[in-house]
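In: Build the 3D model from these lines:
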Amino acid sequence: MTEAIYCFDTATVRFAIYPDGPEGDRVVAEISEDPLRDLFGATGGGDSLVAAYAAHRAGIGALAIQRHHQG
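Out: Below is the predicted model:
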């Protein structure tokens, strides 16, 4: 299970990150369709995009946290 949803209006998958650990604030991040298709193998619609995120969530989440801390 993943805290991620496909948002048709923005063509992104939105997901939760916890930059300061599980007891810290929840931040909503997003990744666009292009990297999910080009880098992570998504080939279909919204379900495929969420599945690609879920399969690679550790790396995507780590990068999102890093970018969050950079400002």
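In: mind listing what residue 40 touches?
Out: Residue 40 sits next to 52, 53, 55, 56, 60 when contact means CB atoms under 8 Å, 6 or more residues apart in numbering. For glycine as for every other residue, the C-beta is placed from the backbone atoms N, C-alpha and C.
In: and if you look at residue 20?
Out: The neighbours of residue 20, taking CB under 8 Å, 6+ apart as the test, come to nothing; the list is empty.
In: Offset the numbering so it begins at 729, please.
Out: That works, and once the first residue is 729, the last one we named lands at residue 748.
In: And it, how close does it get to residue 736?
Out: 31 Å (CB to CB, to the nearest Å).
In: Save the contacts of residue 768 as JSON lines, and put in secondary structure, distance to residue 760 and neighbour count too.
Out: JSON lines is the format used below for the contacts of residue 768 (DSSP: H, G, I helix; E, B strand; the rest coil; distance: CB to CB, whole Å; neighbours: other CB atoms under 10 Å):
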{"residue": "780", "secondary structure": "helix", "distance to residue 760": "12", "neighbour count": "23"}
{"residue": "781", "secondary structure": "helix", "distance to residue 760": "11", "neighbour count": "25"}
{"residue": "783", "secondary structure": "helix", "distance to residue 760": "17", "neighbour count": "15"}
{"residue": "784", "secondary structure": "coil", "distance to residue 760": "14", "neighbour count": "17"}
{"residue": "788", "secondary structure": "helix", "distance to residue 760": "11", "neighbour count": "23"}
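In: Sweet, I'm off.
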